[in-house]
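>>> Requesting a structural model of the entry that follows:
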Amino acid sequence: MTSNIFKIANLGSGHSFVVEDSDTDSSPFIITNTGDVGIGTTTLFGLLTVGTTTPSLVVASSTYVGIATTTPSDTF
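Numbers count the residues shown, from 1 in each chain. I've put the predicted structure just below:
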């Protein structure tokens, strides 16, 4: 039987994991309580959101992928 070496548990509704490079960082690396990941943003539009104002890349739970859009409608 294996055991967890490192585990983060979030029983609330806030972000589960946040990495910032300064106290005033407004665009960290985050993992939400639902498992969505944001890189360079705290406003997530899918399973993975990369970028700031208009996301550079969004991977939605529907398996759609979008570049420069918050509503992806194409698959790879």
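>>> Can you tell me which residue sits nearest the middle of this protein?
The structure's the chain has its C-alpha centroid closest to Val37; by Cα atoms, centre = their mean the separation is 1.8 Å.
>>> isn't that residue right next to Pro55, touching?
No. Between Val37 and Pro55 there is no contact under Cβ atoms under 8 Å: 12.0 Å. For every residue, glycine as well, the C-beta is placed using N, CA and C.
>>> Common neighbours of those two, please.
By Cβ atoms under 8 Å, 6 or more residues apart in numbering, Val37 and Pro55 have these common neighbours: Thr49.
>>> Just the C-alphas of stretch 4-12, formatted as CSV.
The C-alpha trace of stretch 4-12 is given here as CSV (Å, rounded to 0.1, in the frame of the first residue of the first chain):
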residue,chain,number,x,y,z
ASN,A,4,0.4,10.2,0.1
ILE,A,5,3.7,12.1,0.4
PHE,A,6,2.1,15.5,-0.1
LYS,A,7,-1.6,16.2,0.0
ILE,A,8,-3.6,19.4,-0.2
ALA,A,9,-7.2,19.2,1.1
ASN,A,10,-9.7,21.9,0.5
LEU,A,11,-13.1,21.5,2.2
GLY,A,12,-14.2,25.1,1.5
